[in-house]
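Undergrad: For reference, the sequence and a predicted model appear below.
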Amino acid sequence: MLDVTSSILLDVKNVSQTYATGSGEAANPVLQDVSMSLREGEIVSLLGRSGCGKSTLLRLVSGLTRPTSGTVSISGEPVDGPAEGVAMVFQSFALFPWLTVLDNVEIGPRAQGVPLEETRKRALQAIDIIGLDGFESAYPKELSGGMRQRVGFARALVVQPKILLMDEPFSALDVLTAETLRTDLLDLWQEKRMPIKSILMVTHNIEEAVLMSDRILVLSSNPGRIAAEIAIKLPQPRDRLDPEFRQLVDRIYALMTQRPEPKAAAQSGGFSMPLPLVSTNSLAGMLEEIAAPPYNGQADLPHLADSLQLEIDDLFPLGETLQLLKLAEFAEGDIKLTPAGKRFVDMDVDQRKRLFAETLLANIPLAAHIKRVLDERPSHRAPAVRFREELEDHMSEDYAERTLRAIINLGRYSELFAYDENAQAFSYENPQ
């Protein structure tokens with residue numbers, strides 16, 4: 001069990017991070033007034049919907065990015081550049097393909113000026129600890145995904161950091177490989193065989209967070225804030241089928257599906273909230289899944305995620321879009337079909353399209369705005385750049401582009417309007 005009196009390694013105080021919009025003005029902050037700490041001997045996970053600022057916070061802690069306001073300090077020293085005593089494991093393996101496993105692992109100490117003999121000693125120890133002994137001369141192309149990520153862990157451990165940062169380190173792996181690597185890492189941590197004092201991890205897997213963490217910080221979105229802090233007091237190793245484990249998972253799903261306050265969107269004509277980019281086939285499939293037995297119109301989100309084999313970064317955008325369209329709604333960790341959602345499931349293709357168009361116009365201000373502009377123009381055509389620039393007044397260029405692609409996708413499916421990719425223009429006619 002974690003000693004709560006242990007010293008604080010990382011202290012984040014009142015940190016905010018704001019990026020400029022495409023128009024050059026300050027956008028809504030990605031992070032706002034975030035404060036957190038990390039003690040020796042604990043694993044803390046950052047959980048939240050895609051775009052809530054989890055990875056941004058990790059970059060601020062590492063010193064790769066400086067906050068717009070607030071402070072970050074490690075062992076009492078302010079972080080104003082790449083932080084000492086910190087190493088990161090990325091989602092992508094990020095290995096040098098022309099270097100062997102040993103050479104990849106030695107990169108860090110060499111860059112720090114560690115003598116060659118000490119570098120080699122540390123690298124071989126790290127390779128042995130992480131379970132890659134015998135593969136020192138192999139190249140990345142010869143390794144499986146799980147073994148490449150083990151090289152990433154060895155490369156992080158070899159610099160002997162105080163804090164290990166992990167940005168969704170298991171998400172690029174298949175389920176079995178991820179489970180094996182996760183278990184091995186926990187065993188090494190429990191046995192105190194790794195030369196690190198604390199771990200801060202970004203994950204999109206709620207069960208993974210409950211399985212590994214001493215504390216979970218749940219971030220809200222638009223802007224990113226610490227919405228909840230949950231202490232996990234279950235002893236290790238943890239059992240996913242333990243009722244208390246399942247209750248924690250359900251509680252976190254409920255926290256993460258709480259509807260955000262709509263004030264910011266209302267003040268900007270509804271354009272400040274980025275739209276999730278999702279497949280309309282997936283939206284229809286999710287409605288059908290929820291409507292069918294055993295759910296019969298209301299599904300427990302953890303069970304639904306398992307049955308659809310979706311992580312939260314895939315599940316939540318679908319659920320959020322259905323909620324925005326008033327076809328479904330979140331309630332205490334469940335997702336429930338609305339009357340419109342139930343009607344949708346029973347309709348034929350043409351009827352579904354008409355219902356989708358109606359709910360799109362009624363609930364998505366951007367869709368209604370595009371249709372209004374098309375109606376007002378004699379040609380019934382409008383360039384995409386016009387709407388992109390309006391979106392960029394309220395969000396970054398990336399979010400503006402993603403939101404525009406989302407509305408194009410929804411508009412095409414509902415046949416509310418067409419989009420000519422070559423001309424980059426909206427219209428009421430199919431492109432020739």
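TA: Structure's in. What do you need? Numbers count the residues shown, from 1 in each chain.
Undergrad: In contact with the nearest residue to I312 once chain neighbours are set aside, which residues?
TA: Among residues not flanking I312 along the chain, H204 sits closest, at 5.2 Å (C-beta to C-beta, 6 or more residues apart in numbering). Where you see a C-beta, it was placed from the backbone N, CA and C, and this is true even at glycine. The neighbours of H204, taking C-beta atoms under 8 Å, 6 or more residues apart in numbering as the test, are L47, S50, E168, S171, E311, I312, D313.
Undergrad: Run a quick neighbour tally on the fifth one.
TA: If I follow you right, that is E311. When neighbours are defined as other C-beta atoms under 10 Å, E311 has 16 of them.
Undergrad: likewise the third one?
TA: The local packing of E168 (other C-beta under 10 Å) involves 21 other residues.
Undergrad: Any figure for the gap between the residue nearest to it when sequence neighbours are not counted and A178?
TA: Nearest residue to E168, sequence neighbours excluded (C-beta to C-beta, 6+ apart): Q91, at 4.3 Å. Going from Q91 to A178 by C-beta to C-beta, to the nearest Å gives 12 Å.
Undergrad: can you give me the strands for the stretch 151-300 of the chain?
TA: For the stretch 151-300 of the chain, strands defined by DSSP state E, counting those that start in this stretch occupy the ranges 163-167, 198-202, 215-220, 225-231, 298-300.
Undergrad: Give me the buried positions along the last one.
TA: By neighbour count on 16 or more other C-beta atoms under 10 Å, the buried set for strand 298-300 is A299, D300.
Undergrad: what helices or strands is it leaning on?
TA: Helices and strands touching strand 298-300, by 3 or more C-beta pairs under 8 Å, 6 or more residues apart in numbering; DSSP states H and E, are helix 280-291, strand 334-337.
Undergrad: Save the ones you listed as a markdown table, and put in mean pLDDT and distance to F153 too.
TA: As requested, those are arranged in a markdown table below (pLDDT from 0 to 100; distance: least, C-beta to C-beta, whole Å):
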| stretch | mean pLDDT | distance to F153 |
| --- | --- | --- |
| helix 280-291 | 92 | 33 |
| strand 334-337 | 91 | 36 |
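Undergrad: who wins for proximity to E397 among those?
TA: Across the helices and strands packed on strand 298-300, E397 has its closest neighbour in helix 280-291 (24.6 Å, C-beta to C-beta).
Undergrad: Now G51. Nearest residue, chain neighbours left out?
TA: Residue nearest to G51 in three dimensions, not counting chain neighbours: S221, with 6.1 Å by C-beta to C-beta, 6+ apart.
Undergrad: count of residues packed around that neighbour?
TA: Using other C-beta under 10 Å: S221 sits among 20 other residues.
Undergrad: now do K353
TA: Residues lying near K353 (other C-beta under 10 Å) number 16.
Undergrad: mind listing what it touches?
TA: With contacts defined as C-beta under 8 Å, 6+ apart, K353 is in contact with Y413, S414, E415.
Undergrad: Can you verify it is assigned to a helix?
TA: Yes - if the criterion is DSSP: H, G, I helix; E, B strand; the rest coil, then K353 is within a helix.
Undergrad: Quick check: which ranges of the stretch 1-150 of the chain have low pLDDT?
TA: 1-6, 20-28 (pLDDT under 70).
Undergrad: wait, isn't L374 in contact with F417?
TA: Yes - in terms of C-beta atoms under 8 Å, L374 counts as a neighbour of F417; the distance is 6.0 Å.
Undergrad: hmm, back to that, looking at the helices and strands packed on strand 298-300, which is closest to L211?
TA: Short answer: strand 334-337, nearest of those by C-beta to C-beta, at 22.5 Å.
Undergrad: Whichever helix or strand comes after that closest one - contacts with which helices or strands?
TA: With elements assigned by DSSP states H and E, the helix or strand that comes after strand 334-337 is helix 339-346. In terms of contacts (3+ C-beta pairs under 8 Å, 6+ apart), helix 339-346 is packed against helix 280-291, helix 349-363.
Undergrad: What separation do you get for F426 and L124?
TA: Separation of F426 from L124 (C-beta to C-beta): 60 Å.
Undergrad: who's more crowded, the two?
TA: More crowded of F426 and L124, by other C-beta under 10 Å: F426, with 26 against 17.
Undergrad: In contact with that one, which residues?
TA: Taking C-beta under 8 Å, 6+ apart, we find F426 in contact with 370, 373-374, 381-384, 387, 408, 411, 417-420.
Undergrad: Now which of the residues you listed would you call buried?
TA: When those are checked for burial by 16+ other C-beta under 10 Å, the buried set is I370, V373, L374, R381, A382, A384, F387, I408, G411, F417, A418, Y419.
Undergrad: partner residues bridging the fifth one?
TA: Right, A382. Taking DSSP bridges as the rule, A382 bridges to F426.
Undergrad: you'd agree it is up against Q424?
TA: No - counting by C-beta under 8 Å, no contact exists between A382 and Q424, whose distance comes to 10.4 Å.
Undergrad: Right, I'll call it a day here.
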